[in-house]
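Enquirer: how does the following fold in three dimensions:
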Amino acid sequence: MQHGVKNFEVVAPRSRFYQGGFGRMFPDLKPWKPELAAETATALEQHMLDFANAKMTAADNEDTDSTLPAGYTYFGQFVDHDITLDVTPLSDAEVDPNRLHNFRTPRLDLDNVYGLGPDAQPYLYENVAGRIKLRVGSIGNRFRDLARLSRAEGESQTALIGDHRNDENAVVAQVQLAFIMAHNSLADAAFDLGLQGMAGFQAARNTLKWLYQWVVWNDYIARICQAEVHETALRHHPDAVGEAAWEAGYKHVFDWRNTPYMPLEFSVAAYRFGHSLVRDRYQTNVLHGFGSFIPIFAPNGATLMGFRALEADRVVQWDWFLPMTSSSNPFPQMTRKFDPRLAQALTHLPEDPERPGDSAKILNVLAARNLVRGVRMELPAGTAVAKALNVAPISLSDTEPDALWYYVLREAELDGGNCLGKVGSIIVAATFAGLLKGDPLSYFNIEPGWTPAKDTLLKSLQKKLSAANKSALNADAHIVPRPVGQPDWTFAAIIRLAGLPVQADDFAQQ
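Expert: Numbers count the residues shown, from 1 in each chain. Okay, here's the model as predicted:
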């Protein structure tokens, strides 16, 4: 959960047609802020800290479970790191939202995996007998890890990856590892079809990027957004010459002149719903033991905190995190509900350098930090956004903030807590639909009728798996809980493509 420590300029003017990193969906709505006796930065922080500590935390239990498998918490975090990077520190007394810069391309293009490519960042890559692959590390002879720089024992072990944030906890690090190893599998498939060097690299990269886009839209967004909103946000239909084409259904919500920007209502509020899904602790694999949990954050002892090499007990057994053919009750573990109560671990983050883990310091309390950032970024009130979208606003008590982030979580809670509510769904689905339609290199534009089943490299790999009597890449697509639309490829396919450990047998001694 680490954030930037440098003060960079970022731009988000109040223009729907601004061409740049950040922008606004609702530029005409006035900013929301709480009514305080003293309008100072200190008073704002204390007000939000008091509310967060009193009302926005709860321990894990069965009542906090949603119907979304826990692996999607960290897939969502990975996706976030692919499309946004705001390094403006919260500790600044004032943040000018009109001077904000997104250090990520607002595209689903896996630049957090590939970085700047083999020529600009050769240390991320290796050429293996004509195959350009991404570097991978190992844990002994049994499991894989991110490639890391060697450090003295006890020091941070820097991962050689396209975005350092994807090593901030052990689960998102293994999502990053999945994409790295999936690329390497596709590079092998390309080589077997006669594509070597950069030709094979580009073929593997394109297939993985398009599979990722497919999974994001058809699996992930279908799970986290209301079905009606998901169906409306991108419509598939024949164009004038009979070819399949895609049309964005919320252009009035997320519009731009030439290329998409990153909406602050999305990045600072609605998409931060993911913080509510994080559990205090997880069961990781059979080696660590059934019923034995590891906390996501802890000041000492076993923890899933990142920036260090994996150990065997922190290796994810994926059928405990995703619905897969080998999953059995009580697995997969589920996310917490979509609601305003965050895990207790997120009130004791080790981020304030003076008093790490102190719940009286705002940097250590994620909910308070999010509320303050929304005010400083001049986001509109949640009820005002609902009215602008012609959605009936929910009722908030006099003590509840009308901050957009809080509103999205409260709305989701009132709708059952298993996905976003109407306002949150529209902001999130409209943004992803816009990013996909606005990317001239996405499959939605290059080859609108593309599906994983039609892809040359994926078909080649499926044929080999079938010949070896092994599970197909998309073997898990029918396992419940399934997203609306029931796609025949899900995030689990990327795990299988990567060859990461899925079930108990994968942890048996070799």
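Enquirer: distance of residue 252 from residue 266?
Expert: 15 Å (CB to CB, to the nearest Å). For the C-beta atoms, the positions are set from N, CA and C on the backbone; glycine is no exception.
Enquirer: which one of these two is surrounded by more residues?
Expert: The neighbour comparison of residue 252 against residue 266 (other CB atoms under 10 Å) goes to residue 266, with 24 against 11.
Enquirer: now do that one, the pLDDT please.
Expert: For residue 266, the pLDDT comes out at 97.
Enquirer: quick one: it and residue 427 touch, right?
Expert: Yes - here residue 266 reaches residue 427: they are 5.5 Å apart, a contact under CB atoms under 8 Å.
Enquirer: okay, and the common contacts of these two?
Expert: residue 25 (CB atoms under 8 Å, 6 or more residues apart in numbering).
Enquirer: quick one: the helices in the stretch 201-350 of the chain, in order.
Expert: 222-224, 227-233, 264 (DSSP state H, counting those that start in this stretch).
Enquirer: and the longest one, average pLDDT?
Expert: For helix 227-233, the per-residue pLDDT values average out at 97.
Enquirer: also the first one?
Expert: For helix 222-224, the mean per-residue pLDDT is 98.
Enquirer: which helices and strands does it pack with?
Expert: Contact analysis of helix 222-224 by 3 or more CB pairs under 8 Å, 6 or more residues apart in numbering; DSSP states H and E lists helix 71-83 as its packing neighbours.
Enquirer: hmm, 10 Å instead?
Expert: In terms of contacts (3 or more CB pairs under 10 Å, 6 or more residues apart in numbering; DSSP states H and E), helix 222-224 is packed against strand 65-69, helix 71-83, helix 227-233, helix 422-438.
Enquirer: most neighbours per residue, which of these?
Expert: helix 422-438 (a mean of 26; mean count of other CB atoms under 10 Å).
Enquirer: buried residues in whichever helix or strand comes after it?
Expert: Sequence-wise, the next helix or strand downstream of helix 422-438 (DSSP states H and E) is helix 443-446. Residues 443, 444 are the ones in helix 443-446 that count as buried (16 or more other CB atoms under 10 Å).
Enquirer: counting by contacts, list what helix 443-446 packs against.
Expert: helix 197-215, strand 244-248, helix 422-438.
Enquirer: could the ones you listed be laid out in JSON lines, adding distance to residue 380 and mean pLDDT?
Expert: Formatted as JSON lines, the helices and strands packed on helix 443-446 follow (distance: least, CB to CB, whole Å; pLDDT from 0 to 100):
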{"stretch": "helix 197-215", "distance to residue 380": "30", "mean pLDDT": "98"}
{"stretch": "strand 244-248", "distance to residue 380": "22", "mean pLDDT": "86"}
{"stretch": "helix 422-438", "distance to residue 380": "11", "mean pLDDT": "97"}
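Enquirer: for residue 30, find the nearest of the helices and strands packed on helix 222-224.
Expert: Closest to residue 30 of those, according to CB to CB: helix 422-438, at 17.4 Å.
Enquirer: quick check: beta-bridge partners of residue 146?
Expert: residue 136 (DSSP bridges).
Enquirer: and it, what pLDDT?
Expert: Predicted confidence (pLDDT) for residue 146: 97.
Enquirer: contacts only, for residue 218.
Expert: Under the criterion of CB atoms under 10 Å, 6 or more residues apart in numbering, the neighbours of residue 218 are 230, 234, 451, 452, 483, 484, 485, 486, 487, 488, 489, 490.
Enquirer: any idea how far the residue nearest to the second one when sequence neighbours are not counted is from residue 409?
Expert: This points to residue 234. The spatially closest residue to residue 234, leaving aside those adjacent along the chain, is residue 433, at 4.6 Å (CB to CB, 6 or more residues apart in numbering). In this view, residue 433 and residue 409 are 22 Å apart by CB to CB.
Enquirer: check residue 169 too.
Expert: Distance, residue 169 to residue 409, using CB to CB: 21 Å.
Enquirer: of these two, who's got more company?
Expert: Neighbour totals were compared for residue 169 and residue 409, and residue 409 leads with 31 against 22 (other CB under 10 Å).
Enquirer: which residues in the stretch 51-200 of the chain form helices?
Expert: Counting by DSSP H, counting those that start in this stretch, the helices of the stretch 51-200 of the chain are 71-83, 111-114, 170-192, 197-215.
Enquirer: for those, give me a markdown table that also has distance to residue 458.
Expert: Below are the helices of the stretch 51-200 of the chain laid out as a markdown table (distance: least, CB to CB, whole Å):
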| stretch | distance to residue 458 |
| --- | --- |
| helix 71-83 | 19 |
| helix 111-114 | 18 |
| helix 170-192 | 8 |
| helix 197-215 | 6 |
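Enquirer: partners of the lowest-mean-pLDDT helix or strand in the chain, with directions?
Expert: Lowest by mean pLDDT, DSSP states H and E among the helices and strands of the chain is strand 234-238, with a mean of 84. Partners of strand 234-238 in the sheet, by DSSP bridges, are strand 244-248 (antiparallel).
Enquirer: circling back to that earlier point, tell me which of the helices of the stretch 201-350 of the chain lies nearest to residue 359.
Expert: helix 264 (27.3 Å).
Enquirer: what packs against the closest one?
Expert: Partner elements for helix 264 (3+ CB pairs under 10 Å, 6+ apart): none found.
Enquirer: let's have the chain start at 48 instead
Expert: Happy to do that; since the first residue is 48 now, the last one works out to helix 311.
Enquirer: off-centre distance for that helix?
Expert: Helix 311 sits 16 Å away from the centroid of its parent chain (CA atoms, centre = their mean, to the nearest Å).
Enquirer: residue contacts, the residue nearest to residue 281?
Expert: Counting by CB under 10 Å, 6+ apart, residue 480 makes contact with 264, 268, 276-277, 279-282, 293-298, 300-301, 307, 491.
Enquirer: and those, which of them are buried?
Expert: Buried members of the contacts of residue 480, counted by 16+ other CB under 10 Å: 264, 268, 276-277, 279-281, 293, 295-297, 300-301, 307, 491.
Enquirer: and the helices and strands packed on helix 269-271 as a markdown table, adding distance to residue 254?
Expert: Output for those, formatted as a markdown table (distance: least, CB to CB, whole Å):
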| stretch | distance to residue 254 |
| --- | --- |
| strand 112-116 | 25 |
| helix 118-130 | 17 |
| helix 274-280 | 24 |
| helix 469-485 | 17 |
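Enquirer: coming back round to it: so which of the helices and strands packed on helix 490-493 is nearest residue 212?
Expert: Closest approach to residue 212 among those (CB to CB): helix 244-262, 17.3 Å.
Enquirer: what is the helix or strand harbouring residue 91 packed up against?
Expert: When elements are assigned from DSSP H and E, residue 91 belongs to helix 88-102. Contacts defined by 3+ CB pairs under 10 Å, 6+ apart place helix 88-102 against helix 413-423, helix 451-461.
Enquirer: ranking those by mean pLDDT, which is last?
Expert: Taking the mean pLDDT of the helices and strands packed on helix 88-102, helix 413-423 comes last: a mean of 96.
Enquirer: what helices or strands is it leaning on?
Expert: Applying 3+ CB pairs under 10 Å, 6+ apart, we find helix 413-423 packed against helix 88-102, helix 451-461.
Enquirer: deepest-packed of those helices, please.
Expert: helix 451-461 (a mean of 25).
Enquirer: between that one and strand 112-116, how many degrees?
Expert: 100 degrees (axes from the mean of the first three to the mean of the last three CA atoms, to 10 degrees).
Enquirer: next, the angle from helix 451-461 to helix 469-485.
Expert: Interaxial angle of helix 451-461 relative to helix 469-485 (the same axes, to 10 degrees): 110 degrees.
Enquirer: return the distance of helix 451-461 from the chain's centre.
Expert: Distance, stretch centre to chain centre, for helix 451-461: 19 Å (CA atoms, centre = their mean).
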